[in-house]
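Peer 1: Return a 3D structure for these sequence lines:
(2 chains)
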2 protein chains.
Amino acid sequence: MNGGSAFSPNCPVPDMDSKHIELAHGSGGLLTHRLIEDIFRPAFAQSPEDLTHDGALIDVPAGQVAFTTDSYVVQPLFFPGGDIGSLAVNGAVNDLAMCGARPVCLSAGFVIEEGFSVSDLRRIAQSMQSAAQAAGVRLVTGDTKVVERGKGDGLYINTSGIGTVVAPAPVSPRQVRPGDSILVSGDLGRHGMAIMAVREGLGFEPPIVSDCAPVVAPVLRLIGEGIPLHCLRDLTRGGLATALIEIARTAGVAMLLEQSEIPVSPPVRGACEILGLDPLYVANEGRFAALVPPQAAEAALAVLRGFDPSAAIIGTVQEQGVPGSVALRTLGGSYALDLLACEQLPRIC
Amino acid sequence: MNGGSAFSPNCPVPDMDSKHIELAHGSGGLLTHRLIEDIFRPAFAQSPEDLTHDGALIDVPAGQVAFTTDSYVVQPLFFPGGDIGSLAVNGAVNDLAMCGARPVCLSAGFVIEEGFSVSDLRRIAQSMQSAAQAAGVRLVTGDTKVVERGKGDGLYINTSGIGTVVAPAPVSPRQVRPGDSILVSGDLGRHGMAIMAVREGLGFEPPIVSDCAPVVAPVLRLIGEGIPLHCLRDLTRGGLATALIEIARTAGVAMLLEQSEIPVSPPVRGACEILGLDPLYVANEGRFAALVPPQAAEAALAVLRGFDPSAAIIGTVQEQGVPGSVALRTLGGSYALDLLACEQLPRIC
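Peer 2: Numbers count the residues shown, from 1 in each chain, chains lettered A, B, ... in the order given. A predicted model of the protein is given here:
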């Protein structure tokens, strides 16, 4: 108990004004405090109480809350249309929206590699705050860890979120019924192809821009218009095909999609052809599928088109067919879609 | 849209029965599903609805909920008294308890390095489930990402948690008052020294065992006994000294600690001397400080001693003194404690 010493004998005095993250930034000591005060508090905190305790306190009405978590390991950290920070915030709020919930607050956990640029961290924190404001949600609690050089890849972020359920009936794969219409909220594949284009050094002109965005507003509008939402699912890792196969399996239903109705922009289609990828399996970060009763399909489409004109009705849940199957009808016939056995696009989110 | 192909042309067919994590386990595709079905669902899920959607739905009473997050990057992953899994669960429930809340549910986000042992992952998931049961909390939602070899360090885990606030009055540094007694729930420094002993290859006999444990039960008992809890703080990264300095600064008070009253076991004291570390700054993962009005101190001590006989009253909040200061009274005089400028023990949690 060498009270009085502010420096442990076991480590060198750190550079308090380093432009790069040092291990000491994760120590819980002086540099951790400086990091919080310099970067995270200005970007996140909205009251002086925020960020000073082990957790945040939130007032909630009685009822159901939705709770979600995701870690983000995207490479590169910055890409056309977003960065790991906006991606982490939008990913969390979108997961909550998919539960029929209005997002209330988020947490942010940072695992930073020693040597990471402090200015990049500041830029990412500010991007998170902008994304949170755009989605109407607060970042209320966080955590920072630093790992040695070579034990990370710059920055990993976990966001978890809480939302209050506002949909009047359960929104879940188990609510899906034969006859339901399947809609998508906009054109597919832009996030994944934006990442791949940067990573592979493909200089598309103009560049493909990620669709990374919150989908809270269209979901709340669908609920506000009284449209019965049987199921919602964001079309992230694994894309449309994986999402619908998961839903079909959980619901025990067969789906049929019309290839000609599935919106894919010409640049994304072209990039997929060059890289040998299937846009149905490419990740999106601002797109979702909605399954609604057939009589509500046109009203739902009108709502979605108000946010994005490329929204479309792309298929139906079949009255018959193999439970858990998703078929794609093309000019040449129908094909069964299946889960990919391997990684088409690693580190896309 | 090469519907019908379950394999992308861009990656080799993975080994579905690999004993090591492959990138495809993070793809969102077939291997991700297998990982969830084989490892996470048996360990975590308590109802078939669990883990099948983008988030979990939880019923909460009206009122305040506490919300917390932490990422865990401890090395080694397994240590005497616990592992990264039990640490991640106990860390989350303890943060909630420190808010005066009863933990309700947790999320778990895994960032796994390619090549990590599947059997170690299974063991860690089972350890998380055991820790969750011991703390009376459910693991309800999760996420898995896989990063390339050399971009991680085996496994990082984020846990976030939700609890319902049960303390009748706010539990926060701002509630601390001059005259308050400062208690600790047990002897200090075992977690940090258990980690260090393994890492440095120090073969203490018997080995120092981490104090990693939930502190939910003693906190709920303190609340149940009607003891006014001004502030609670778990003594993790940075140890007792860092925790109390943070509280003193936020509360704008001065604290005086009695060195002779601070419980440190002889093995921990000896290990600290060998390694040149100060046990006041060494991390604990099952210890907390409680600040209570002086008239409640003995009753609080009796409750804490019912859980651990080494609990102690170690100091007081001063009526006068420099706001934000924490002094340690020793046989040789009083010394001011300060935040460490550097990392005494990296990767301890």
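
Peer 1: Low-confidence regions, the stretch 1-150 of chain A specifically.
Peer 2: Scanning the stretch 1-150 of chain A for pLDDT under 70 picks out A:1-14, A:16, A:45-53.

Peer 1: so where do the strands sit in it?
Peer 2: For the stretch 1-150 of chain A, the strands defined by DSSP state E, counting those that start in this stretch occupy A:56-60, A:63-72, A:78-79, A:82-83, A:101-113, A:138-147.

Peer 1: Please identify the residues of the stretch 151-300 of chain A in proximity to chain B?
Peer 2: Within reach of chain B by C-beta under 8 Å from any C-beta of the partner chain, the stretch 151-300 of chain A has these residues: A:151-153, A:156, A:158, A:160-163, A:165, A:172-174, A:233-234, A:236-238, A:242, A:246, A:250, A:259, A:262, A:275-281. Where you see a C-beta, it was placed from the backbone N, CA and C, and this is true even at glycine.

Peer 1: where's the nearest residue to A:Val264 once chain neighbours are set aside relative to A:Leu304, distance?
Peer 2: In space, and not counting its chain neighbours, A:Val264 is closest to A:Pro279: 4.8 Å by C-beta to C-beta, 6 or more residues apart in numbering or on different chains. In this view, A:Pro279 and A:Leu304 are 19 Å apart by C-beta to C-beta, to the nearest Å.

Peer 1: Quickly find the element holding the closest residue to A:Leu280 other than its chain neighbours.
Peer 2: Distances taken as C-beta to C-beta, 6+ apart put A:Ala241 closest to A:Leu280, at 4.2 Å, once the chain neighbours are dropped. Taking DSSP states H and E as the criterion, A:Ala241 maps to helix A:239-251.

Peer 1: ok, and what's touching that helix?
Peer 2: By C-beta atoms under 8 Å, 6 or more residues apart in numbering or on different chains, the residues outside helix A:239-251 that reach it are A:173-176, A:182, A:184, A:188-189, A:192, A:231, A:233-236, A:254-255, A:257, A:262, A:278-284, A:289, A:291, A:317, A:323-326, A:337-340, B:28-29, B:52.

Peer 1: so when I look at A:Ser310, I'm seeing a helix, right?
Peer 2: No - counting by DSSP: H, G, I helix; E, B strand; the rest coil, A:Ser310 is not found in a helix; it is coil.

Peer 1: That one: what's it in contact with?
Peer 2: Neighbours of A:Ser310 in contact, by C-beta under 8 Å, 6+ apart: A:186-187, A:263, A:265.

Peer 1: 10 Å instead, please
Peer 2: A:184-188, A:263-265, A:287, A:304 (C-beta atoms under 10 Å, 6 or more residues apart in numbering or on different chains).

Peer 1: Just give the closest residue to the residue nearest the centre of chain A, not the sequence neighbours.
Peer 2: Note on chain A: the residue nearest the mean C-alpha position is A:Gly91, at 2.0 Å, using C-alpha atoms, centre = their mean. Distance criterion C-beta to C-beta, 6+ apart; nearest residue to A:Gly91, sequence neighbours excluded, is A:Asp70 at 5.1 Å.

Peer 1: For beta bridges, what are the partners of that neighbour?
Peer 2: Following DSSP bridges, A:Asp70 is listed with bridge partners A:Thr159.

Peer 1: show me the contacts for it.
Peer 2: A:87-88, A:91-92, A:94-95, A:157-161, A:236-237, A:349, B:54-55, B:107, B:109, B:141-145, B:158.

Peer 1: about what we covered before: between the contacts of A:Ser310, which is nearest A:Leu77?
Peer 2: Among the contacts of A:Ser310, A:Arg287 lies closest to A:Leu77 (C-beta to C-beta), at 21.6 Å.

Peer 1: Next, the buried residues of stretch A:126-146.
Peer 2: A:126-129, A:131-132, A:134-135, A:137-146 (16 or more other C-beta atoms under 10 Å in any protein chain shown).

Peer 1: Out of the residues you listed, which are close to chain B?
Peer 2: Counting by C-beta under 10 Å from any C-beta of the partner chain, the subset of the buried residues of stretch A:126-146 that neighbours chain B consists of A:140-146.

Peer 1: which helix in chain A runs the most residues?
Peer 2: helix A:118-135 (DSSP state H).

Peer 1: pretty sure the residue nearest to the centre of chain A contacts A:Glu285?
Peer 2: Yes - using C-beta atoms under 10 Å, A:Gly91 is in contact with A:Glu285, at 6.6 Å.

Peer 1: what's the overlap in contacts for the two?
Peer 2: A:74, A:212, A:214, A:234, A:236-237, A:349.

Peer 1: Tabulate those residues (a markdown table), appending neighbour count, distance to A:Arg102 and secondary structure.
Peer 2: As requested, these are exported to a markdown table (neighbours: other C-beta atoms under 10 Å in any protein chain shown; distance: C-beta to C-beta, whole Å; DSSP: H, G, I helix; E, B strand; the rest coil):
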| residue | neighbour count | distance to A:Arg102 | secondary structure |
| --- | --- | --- | --- |
| A:Val74 | 27 | 26 | coil |
| A:Cys212 | 27 | 20 | coil |
| A:Pro214 | 25 | 12 | coil |
| A:Asp234 | 23 | 16 | strand |
| A:Thr236 | 25 | 20 | coil |
| A:Arg237 | 27 | 24 | coil |
| A:Cys349 | 25 | 23 | coil |
